[in-house]
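Trainee: Here is a sequence with its predicted model. Questions after.
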Number of protein chains: 2
Amino acid sequence: MAAEKPLRIDIALLHYPVVNRCCEIIGSAVTNLDLHDLARAGRTYGIDTCWIVTPYEDQQELAGQIVRHWTDGHGGTVNPDRKEALSLLAIRADLAMVLAEATAKWGEQPLVLATCARPRENTLGYEKVRGLIRQDRPLLLLFGTAWGLAPEVLAGVDATLPPLRGQGDFNHLSVRSAVAIILDRLLGLR
Amino acid sequence: MAAEKPLRIDIALLHYPVVNRCCEIIGSAVTNLDLHDLARAGRTYGIDTCWIVTPYEDQQELAGQIVRHWTDGHGGTVNPDRKEALSLLAIRADLAMVLAEATAKWGEQPLVLATCARPRENTLGYEKVRGLIRQDRPLLLLFGTAWGLAPEVLAGVDATLPPLRGQGDFNHLSVRSAVAIILDRLLGLR
């Protein structure tokens, strides 16, 4: 899986609709280090666009200011690697916009895969998805902030990746860690 | 590699001695989300202790306050999973103290493995280390903040894990992402 031609894989980090610990639908706040860590992992693993999804205009503005500091502002001058990474970020209001833009970009609808810390029906294993990537199938991987993607998002995807398992049953990883691990499982050079 | 008996693996996050982008030796500041992400990944993957290493007393105090908020304070009441994770954290002034305590705890000196984004001689591959873990060899994995572990640390370890590679040559991952990926490579259930 050498990077001879660009991969057609995007990731999206959803801040709404997600759930809180009581399984209620909420909108979460944008976290600065999520933007950096997703962009850096995305650039390392050959992701085309990291979509940052929030419907709140003040959060879009905040995220945009952070991104521009590194892509157009002083940050990028001081640290060009960070500029290269954060150039992957694109802020959008909802998943429908992301899907429409990704479809237009690739010329076909991407396979939309959710991630979830709980087991789901309709899963597609990591090795299987690695195989689809080799066949140049465009992919959109969805990650949820807070306690994860809302049921309405999970219900609308093509499939879900299996929960990450370490040792035992505890799997309360940060979304930053989950993104890094999943990209490595799907795209890492072993 | 089921978690029948506890693993004997620690990780240590060094804030000194590390290097800056000019390869000068510096001490870095403790980052709140590093503590959370390492503790959560550590707990997920069966790590015994996550050592947070800084020689600066004000930084030790700050890190201690954060940890205690979640282990003894209000944070742990609200979010018991976070309490369980952050209980893994222990703050120490230098690597020598960590090594002495880990050796006393295991009854033998752990194999000390560094991580580094640049290729090194004396590397030990991920599959090889998975094998050592199966043989119950105690391990101490070292991670550096800033631009990575100082040469004097790298010179003193038993071996170094190979750099993480995604697609292409860009590998500017955050230390949070690197910890997550490396724990998954060594300890993840596939």
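Mentor: Looks like it arrived, so ask away.

Trainee: dump the residue contacts of the closest residue to A:Y126 other than its chain neighbours.
Mentor: Distances taken as Cβ to Cβ, 6 or more residues apart in numbering or on different chains put A:R185 closest to A:Y126, at 4.6 Å, once the chain neighbours are dropped. Bear in mind the C-beta positions are built from the backbone N, C-alpha and C, glycine included. Listed by Cβ atoms under 8 Å, 6 or more residues apart in numbering or on different chains, the contact set of A:R185 reads A:126, A:130, B:184, B:188.

Trainee: next one: A:R120
Mentor: Contacts of A:R120 (Cβ under 8 Å, 6+ apart): A:114, A:154, A:160.

Trainee: Low-confidence stretches in chain A?
Mentor: Along chain A, segments meeting pLDDT under 70 span A:1-4.

Trainee: quick check: longest helix of it.
Mentor: helix A:57-71 (DSSP state H).

Trainee: then it to CSV, C-alphas only?
Mentor: C-alpha atoms of helix A:57-71 as CSV (Å, rounded to 0.1, in the frame of the first residue of the first chain):
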residue,chain,number,x,y,z
GLU,A,57,-21.4,29.8,14.1
ASP,A,58,-19.3,31.0,17.0
GLN,A,59,-17.6,27.6,17.1
GLN,A,60,-17.0,27.6,13.4
GLU,A,61,-15.5,31.1,13.7
LEU,A,62,-13.2,29.9,16.6
ALA,A,63,-12.1,26.8,14.7
GLY,A,64,-11.5,28.9,11.6
GLN,A,65,-9.3,31.4,13.6
ILE,A,66,-7.2,28.5,14.9
VAL,A,67,-6.8,26.9,11.5
ARG,A,68,-5.9,30.3,9.8
HIS,A,69,-3.3,31.0,12.5
TRP,A,70,-1.4,27.9,11.3
THR,A,71,-2.2,28.0,7.6
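
Trainee: And the very next helix or strand once past that helix, how far out from the chain middle?
Mentor: Scanning forward in sequence from helix A:57-71 by DSSP states H and E, the next helix or strand is helix A:74-78. Remark: helix A:74-78 is offset 25 Å from the chain centroid, using Cα atoms, centre = their mean, to the nearest Å.

Trainee: now for the next helix-or-strand element following helix A:74-78, which elements pack on it?
Mentor: Heading C-terminal from helix A:74-78, the first helix or strand you meet, by DSSP H and E, is helix A:80-86. Judged by 3 or more Cβ pairs under 8 Å, 6 or more residues apart in numbering or on different chains; DSSP states H and E, the packing partners of helix A:80-86 are helix A:32-44, helix A:57-71, helix A:74-78.

Trainee: which of the residues in the second one are buried?
Mentor: Translated: helix A:57-71. A:59-60, A:62-63, A:66-67, A:70-71 (16 or more other Cβ atoms under 10 Å in any protein chain shown).

Trainee: Repeat that for stretch A:14-31.
Mentor: Under 16+ other Cβ under 10 Å, the buried positions of stretch A:14-31 are A:14-19, A:26, A:28, A:30-31.

Trainee: where along chain A do the helices fall?
Mentor: A:32-44, A:57-71, A:74-78, A:80-86, A:95-106, A:126-134, A:151-155, A:175-187.

Trainee: Among those, which comes closest to A:T145?
Mentor: helix A:175-187 (5.7 Å; Cβ to Cβ).

Trainee: Give me the angle between the closest one and helix A:32-44.
Mentor: Following axes from the mean of the first three to the mean of the last three Cα atoms, to 10 degrees, one obtains 10 degrees for the angle between helix A:175-187 and helix A:32-44.

Trainee: Now do helix A:175-187 and helix A:126-134, the angle between them.
Mentor: 70 degrees.

Trainee: Tell me, how many residues neighbour A:D184?
Mentor: Neighbours of A:D184 under the rule other Cβ atoms under 10 Å in any protein chain shown: 27.

Trainee: now, which of the buried residues of stretch A:14-31 sits nearest chain B?
Mentor: Set against chain B, the nearest of the buried residues of stretch A:14-31 by Cβ to the nearest Cβ is A:T31 (8.0 Å).

Trainee: right, and A:R118 touches A:R165 too?
Mentor: No. In this structure A:R118 lies outside contact range of A:R165 using Cβ atoms under 8 Å: 11.7 Å.

Trainee: Look at the two and report which has more neighbours.
Mentor: Of the pair A:R118 and A:R165, A:R165 is the one with more neighbours under other Cβ under 10 Å, namely 18 against 10.

Trainee: For that one, give its distance to B:D81.
Mentor: A:R165 is 16 Å from B:D81, where distance means Cβ to Cβ, to the nearest Å.

Trainee: same question, A:P119
Mentor: Using Cβ to Cβ, A:P119 is found at 18 Å from B:D81.

Trainee: again with A:A114
Mentor: 21 Å.

Trainee: So which of the two has more stuff around it?
Mentor: Between A:A114 and B:D81, counted using other Cβ under 10 Å, A:A114 has the larger neighbour count: 24 against 14.
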